Structure formats: structure tokens, C-alpha cells
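S.K.: Following is a predicted model, sequence given first.
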Amino acid sequence: MKLILRFLKPHWKLCLITILFVIVDVVGALIIPTFAADMLNQGTAAGADFSALVNTCVKMLAAALISGVATILGAYTCSDLTSKVGADIRSSLYKKTLRLSGADFRSFGTASVTTRTVSDITNIQFALLSCFQMLFPVPVIFVVSLVLTFQKDILMGVILLGILLIIAIVAGIIMKSTAPMFRKLQKKLDTMSKVLLENITGVRVIRAFDKESSEEQRLNTEFSDYAGTAIKVNKRFAILDSISNFAINMFIILVYTFSGFRITAGHFQIGDITAIIEYAMLSLFFLMMAQMVILTLPRALECCNRVSEMMNFSPTIADRKNKWAEEKENCQDVLTFKKVSFRFADADEYTLKNLNFTCRRGETTAIIGGTGSGKSTVASLMMRFNEVTDGVVLLNGVDIREMPQSQLRERLSFVQQRAWLFSGTIAENLRYGNSEATDEQLWHALSIAQAKDFVEALPDKLESFVAQGGTNFSGGQKQRLSIARALVKRPELYIFDDSFSALDFKTDAALRKALIPETKDAAVVIIAQRISTILHADSIIVLHEGEPVGIGKHEELLTNSPIYKEIYDSQTKEASEHE
């Protein structure tokens, strides 16, 4: 509830207007049967007054008109309110997601984050809409209908009160029993989303290994589990619906049974029977609608808990609240690792140990090592996607933990091994790091990244369509566009995390040659598996099982680092065999 109240608060005026319209609608709906009963009583009475009958008719029409207008306006303002609240929650949750570190994000899971952002908030929005339109009117209609019924006849009021209490108790019992089921449904929805995501993204692997039937069985199992729980919930819906219908019919029977005696005794008139039945029907109708809402509330509350869990989650990597340290001007040492070690929170051993190196302006620092040596983890520490366990990482002489993450990343350009492009146009993707870049700057970056020729060959050139993930381009084309995007930003530090692996040797060489004058005022870090990519680096760091086992230039390492020489020999031999 705190989550809902938090996001309702900015829209309190619209909330009050919606409540006002709902009250007018409900009161109007209950007054109409009262006027109808008065007309019937006036029309059947001896010496009926026609003018009084017409007067009551006009009042009833006015009440119907006011109630109808309130219904329309109430529905509009309610939809507007819940849409705004849903949009605010979704926007806030998305912003919180962007602040999560890689480890934080993995702890929730992609499927769960997606479900919470889309499905859970939709459920909250629907529940809020239903509460305003079907749950909030219930206490109002109960009070008004009971007051009007007791005014007509005390016995009929007691009967109506008894019926309403019975249905309310049954609804409470059923809601309590279904709450755990709805929590189970949401967890199963997460599992289904995860399995579906894996099957959609990994469809080529599934087909390549001829695993369609086993994956289909796996999906059917998840769907069946979800369906089984949903069926149990629906059975409780059916039970409550049957009890409510039975109660309504019982009340009508009781009214008709006792009304004859009460009319004969002079307690009320014949027209009052229709009013009492209408009060009961409206009360029980809204109660049934409320029951449907109440039965879905456990699910909505679980969705609120899941969204609140993410909203209230404290990111493991966060900006400090103290005053930010000022960077040194014209600092030649752009990035420095001092005695840096790193261990994942759920790991027993360190992934990286005792890293000491400096990336200087105008120089290229390369990092090489075998699979699992921790190369990409070094890049994540530079970007502060992970926090160092020991030691310190300095940017322009300042601990990166002492500056806002936005300030840090403004100074960096990162190109990862798996190139990712966003849906839109080539120009929009290239301007991702610099929205003010001109077309000339875009073409220049494309030229450096060896992507100009294939972009010029496209019919729409810079305005050519890019599918989500860049799936309408080859791996090498996506990689070159990602490199061009990094160049457009013109940062102080370029980080290329095995970004040249998808390029052929000729393109790789041409790109690295073009990069030298382009990055003369910045530091460059190249993480690579191919030694040919880093031959001319100013400093090469050799990693083995997370530890630096060699630092120097190519010629020095061939002499002083057995591991580097082993990598060099294996790649040289492989290249000669391919020739």
C-alpha cells in the first residue's frame, strides 16, 4: 500500500475528483429506485395526484441524468488517474533498474525484471482501476442502501444486512486461501518468462541440436504448472459466485415471502417492494464485483511487493553523498590501477589479484590472456560496473568511487565484444554518446571504423533502419558501427573489450592504424585474444588466472614472459596452418 500511496500522492486532486464522481454515481443509482417506488405508490393510491406524479418523474430523470454524467466522468478520470500512476511507477522502476550493477541485475534476473516492469505494474494498474470503480463504491452503497431499506422496513433491513454479512465473510475466507496461490502464480510467471526468453533467444542452438521436442516438453511443463494453479484460483471464483447468486435469490424469496404480511400490517406500501429489491440487487451486484476485485487483490499486493522490492533495493554500487573530489587538470595518467583485487560476492576466490598499471594519454594499453583470466572483469572495474574489493582505481588522479557514475562514464567510451545496436537508424545509434554530433562527424567516425563504405552503399545511408540488436547487419558490420559510436563520443579513455575479434585481419589492421591519430589526446585500452591486434601497444599486460604475469612491450614479453610467448607461438602456428 505504501507504494500505491506514494504514487497517488502527486495526483491527489485527480484522486479526489474521481472519488466525488463515484459517490455521485452510486447515490444517484440508489435514489432512482426510491423515486420509482414513490411513483408506484402515488399511482396506486386512491385519489392519485397527477402533478405530484409528474414532479417525482422529473426528479427521477434528473437523478438518472446526473448519475449517468457522473458515471462517464468518473470512468474517464479513473482511467486517467490509474494510467498516470502506472506510468509513474513504470518510469521510476526503469530508472532504478538503470542504477543496478551487473551483480544486482543478475540477482533479480532479466526475466523477473521484465515481468515486474511490464506484467506486475499492469496488474497494479488494473487493480487500482478496479478498486476505484468496483471496490470503493461498496461501503458507500452498503451504507446508503441499508439506511434506505431500514427507512422502508426494519425487518427487510435486517434481512439485507444478514445476507451482505454472509457474503462478505465467505469472500474474506476465500481471499485468505487464494493469497498464497497468487504469489505462486507470479513466481511461475517469472519462470515461464525465463524459459520463453531462453527459447526465443536460443532458437538457433535448439534447432542445431535438434532439441525442439525436449524444449517443447519443458515449456508444456511450465505452462501446465501455471494452468493448474490458475484453475484452483478459478474454482474459488466459481464457489464465491455461486454463493453470491444463491444469496441474491434467497433475499428475493424472503422479500416476497414477508412483504405481503408487512404490507397488510401497514409497515410499508407495495411500491416499496421494488425499491427494497433494487437496493438489494445493486448492493449484491457491487458486492459480487467487489469480490472479483478482492480475489485479485492478493495478486496485485504480491505485484506491489515485488515492485517495492526492486524500488527499495539498495544498489551495491551507488554515488556517495559527500562532496565530489575534483579531478586534476591536464592529467597525463588518465586511468590508474593501484593494488587492485576483485572477488565476486558469491565467490570464494579472487578473480583478479594485485593489478598495478597506468593508462596514459596518447598511449595504448593492451590486456591479453587465456579464457577465464579476468580480462573482461578489468573492463567492468574501469567502468565501475563492479566495485573493486581491494585497492583503488583512479581517473585523472581521483578515486572513481569519489565521483558520480555519470561523470565517470562521460569520460569513457566502451565497446564490448558482443556488439549491440538499438532499433532506429544508423545516425541515431552513432549519436547515442553525443547527441550534438554533426553528419560530418558521423561520417568521419565511420571512416575511422572502416564502416563508411558499406554505410554509403545502403539506400538510406545514415538514415538506414537498424533492427533491435542490429540483427539486419553482419557481426563485423555491427562491431564497426559500435566502434564508430564510441569514436563519435570523443572521450578521454577508450575501452575496446575484444572488439576487433569479429573483424578480418586486413580490416583490423586498417582500423588500428586509423585509430592512432584519432586517439592521440586520449588513453586507449584494448582487451584482446589475438596478439596481432596488440603488437604495437605501448604496454601489454599478460593475465593468467587473474594475476598479471607480465607487463611490457611485445618484444620484451617474448623474451621475459613464458605465457605470452606460449600464446604467441600457438597463434603463429595456427595462422601458418591456415595458410
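M.R.: Received, thanks. Numbering: from 1, shown residues only.

S.K.: From here on, just use CA atoms for contacts and neighbour counts.
M.R.: Fine.

S.K.: I'd like to know which elements the helix or strand hosting residue 282 is packed against.
M.R.: For residue 282, the host element (DSSP states H and E) is helix 271-311. Secondary-structure packing of helix 271-311 (3 or more CA pairs under 8 Å, 6 or more residues apart in numbering; DSSP states H and E): helix 12-44, helix 50-98, helix 121-130, helix 137-152, helix 154-201, helix 212-264.

S.K.: Residue 472: neighbouring residues, count only.
M.R.: Neighbour count of residue 472, defined by other CA atoms under 10 Å: 12.

S.K.: ok, the closest residue to it other than its chain neighbours - how many residues close by?
M.R.: The shortest distance from residue 472 to any non-neighbouring residue, by CA to CA, 6 or more residues apart in numbering, is to residue 466 (6.7 Å). Using other CA under 10 Å, residue 466 is surrounded by 20 other residues.

S.K.: from memory residue 491 sits against residue 411, does it?
M.R.: Yes - using CA atoms under 8 Å, residue 491 is in contact with residue 411, at 4.9 Å.

S.K.: domains of this structure?
M.R.: According to automatic domain parsing, the chain comprises the domains 2-311, 329-411+492-579, 417-490.

S.K.: so which of those domains gets nearest residue 320?
M.R.: domain 329-411+492-579 (6.7 Å; CA to CA).

S.K.: coming back round to it: export the domains of the chain to JSON lines and tack on distance to residue 317 and mean pLDDT?
M.R.: As requested, the domains of the chain are exported to JSON lines (distance: least, CA to CA, whole Å; pLDDT from 0 to 100):
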{"stretch": "domain 2-311", "distance to residue 317": "6", "mean pLDDT": "79"}
{"stretch": "domain 329-411+492-579", "distance to residue 317": "7", "mean pLDDT": "83"}
{"stretch": "domain 417-490", "distance to residue 317": "22", "mean pLDDT": "87"}
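
S.K.: Go through these and name the closest to residue 319.
M.R.: Closest among these, using CA to CA: domain 329-411+492-579, at 5.4 Å.

S.K.: Check the offset of that closest one from the chain's centre.
M.R.: Distance of domain 329-411+492-579 from the chain centroid (CA atoms, centre = their mean, to the nearest Å) equals 34 Å.

S.K.: rewinding a little: export the domains of the chain to CSV and append columns for distance to residue 318.
M.R.: Formatted as CSV, those follow (distance: least, CA to CA, whole Å):
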stretch, distance to residue 318
domain 2-311, 8
domain 329-411+492-579, 8
domain 417-490, 22
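
S.K.: With residue 562 as the reference, name the closest of the helices and strands packed on helix 271-311.
M.R.: The nearest among the helices and strands packed on helix 271-311, by CA to CA, is helix 154-201 at 40.4 Å.

S.K.: List the contacts of the closest residue to residue 514 other than its chain neighbours.
M.R.: Spatial nearest neighbour of residue 514, chain neighbours left out: residue 448 (5.5 Å); criterion: CA to CA, 6+ apart. Shown in contact with residue 448 (CA atoms under 8 Å, 6 or more residues apart in numbering): 484, 511, 514-515, 518.

S.K.: I'd assumed residue 502 was in contact with residue 479.
M.R.: Yes - if you go by CA under 8 Å, residue 479 and residue 502 touch, sitting 6.9 Å apart.

S.K.: more neighbours, the two?
M.R.: Neighbour count, other CA under 10 Å: between residue 479 and residue 502, residue 479 has more, with 27 against 19.

S.K.: contacting residues for that one?
M.R.: Each residue near residue 479 by CA under 8 Å, 6+ apart is listed here: 418-419, 499-500, 502-503.

S.K.: ok, now residue 142?
M.R.: Residue 142 touches residue 283, counting by CA under 8 Å, 6+ apart.

S.K.: Quick check: which element contains residue 570?
M.R.: Going by DSSP H and E, residue 570 is in helix 562-578.

S.K.: and among the helices and strands packed on helix 271-311, the most buried is which?
M.R.: When neighbours are counted by mean count of other CA atoms under 10 Å, the highest per-stretch mean among those falls to helix 121-130, a mean of 22.

S.K.: Tell me how far that helix lies from the chain's centre.
M.R.: That offset, for helix 121-130, works out to 15 Å (CA atoms, centre = their mean).

S.K.: any idea of the angle it forms with helix 271-311?
M.R.: 150 degrees (axes from the mean of the first three to the mean of the last three CA atoms, to 10 degrees).

S.K.: what is the residue lying closest to residue 382 once chain neighbours are set aside paired to in the beta sheet?
M.R.: Leaving aside its chain neighbours, residue 382 sits nearest to residue 393 (7.3 Å; criterion: CA to CA, 6+ apart). Going by DSSP bridges, residue 393 is paired in beta bridges with residue 337.

S.K.: Just list the residues touching residue 393, thanks.
M.R.: Contact partners of residue 393, counting by CA under 8 Å, 6+ apart, are 335-338, 340, 381-382, 399-400.

S.K.: quick one: which of those is nearest to residue 66?
M.R.: Of the contacts of residue 393, the one sitting nearest to residue 66 (CA to CA) turns out to be residue 400, at 63.5 Å.
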